[in-house]
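K.L.:
how would this look folded up:
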Amino acid sequence: MTIIRSKSFLFLLAVLFTVGFSTSAASIIGVPGLASIVKYLGNSEPDQPVEVNPLFAAYPEVLQEHRSKSKDYVTAFCEKKRDYIIHFLNKGEKFFPRAIAILEKYDVPLEVRMLPILESEFNANAVSPVGAVGYWQFMSTLAKEYGLKIGGKYDERKNFTKSTTAAAKFFRDQLRYFNDDLLLAVASYNCGSGRVRASIKKTGKKDANFWDIKRFLPAETRKFVMNFIALNVISENYDMFVANNLDLDEQPVLEFAFSDSTTFSKDVVDVKPVSSVKARPDELIKSAVSLQ
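P.N.:
Numbering: from 1, shown residues only. So this is what the prediction gives:
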């Protein structure tokens, strides 16, 4: 038996009002196309196609829950950093496959591969004002802790494969400590896990997330994490970004099948061949309200 949740049922009513339909529930199930809507709303596969608006930006699954809180920042980042984004995502094409292989080995989310853009812009010889070196900008103490050799003329922080392996081990450990919260792990990479733990303590929540502790973090770390989210969202939707079609506010378009010349009466339903009707959910609901 198909169970329709309350919000889904309201949406179904909106659809019915939109097409000027009024009949019994039994008749609904007997009408081709409308039965598809019921199945769709009940989380079953519809008989008729459901089309998602191609302009609807996708978030990486691991970042999906952060969509509403980050979309304004991502939108602004797209506008202000367009040339920067295109240049370094293209530059990253020769580094990403190697990073992905290493991150997968240590069971670390692949989104972490974006961090060398923020840390060093893929510059092996990058040195920060405080002495962090290489692709991942490791400080010497942390580099040694994760097995990198930095003595003498050769500094393994400048070796992409070895420094990425060290970074993967770091994130593996941080994710274990922070219960697989990727944003807390990213924040700890920037400002130190001690600072993140102290910020969590200030919230008074044992299960505090990045958004809970954000106000307690350094401004640089807040920006670092938000830029990390933005790069991953843009990478996920790169073709649309390049074509200037990326719209984080765009709603999906749902395509349902309705009769194109159907006559309804109190007792008789005469169904003719179906055709597609496309509309955004908010448009359907507005139409339903106007018809009431």
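
K.L.:
which SSE is immediately downstream of the helix or strand Ser235 falls within?
P.N.:
Remark: Ser235 resides in helix 219-236, with elements defined by DSSP states H and E. On the C-terminal side of helix 219-236, the nearest following helix or strand under DSSP H and E is helix 238-242.

K.L.:
can you give the domain ranges for this structure?
P.N.:
Per automatic domain parsing, the structural domains of the chain span 6-53+251-291, 61-242.

K.L.:
the last one: end-to-end distance?
P.N.:
What it means is domain 61-242. 22 Å (C-alpha to C-alpha, to the nearest Å).

K.L.:
which residues of the chain score low on pLDDT?
P.N.:
1-55, 250-292 (pLDDT under 70).

K.L.:
if we can go back for a sec, and the helix holding Ser235, what other elements does it pack with?
P.N.:
The helices and strands touching helix 219-236, judged by 3 or more C-beta pairs under 8 Å, 6 or more residues apart in numbering; DSSP states H and E, are helix 67-80, helix 82-91, helix 115-120, helix 182-191. For every residue, glycine as well, the C-beta is placed using N, CA and C.

K.L.:
which of those helices sits closest to Glu156?
P.N.:
helix 115-120 (14.4 Å; C-beta to C-beta).

K.L.:
what does the closest one rub up against?
P.N.:
88-89, 92, 95, 99, 122, 126, 132, 134-137, 164, 167, 186, 189, 224, 227-228, 231 (C-beta atoms under 8 Å, 6 or more residues apart in numbering).

K.L.:
tell me the helix or strand right after it.
P.N.:
According to DSSP H and E, the helix or strand after helix 115-120 is helix 140-145.

K.L.:
what packs against that next one?
P.N.:
Using 3+ C-beta pairs under 8 Å, 6+ apart: helix 140-145 touches helix 160-177.

K.L.:
how about the helix it packs on: buried residues?
P.N.:
160, 162-175 (16 or more other C-beta atoms under 10 Å).
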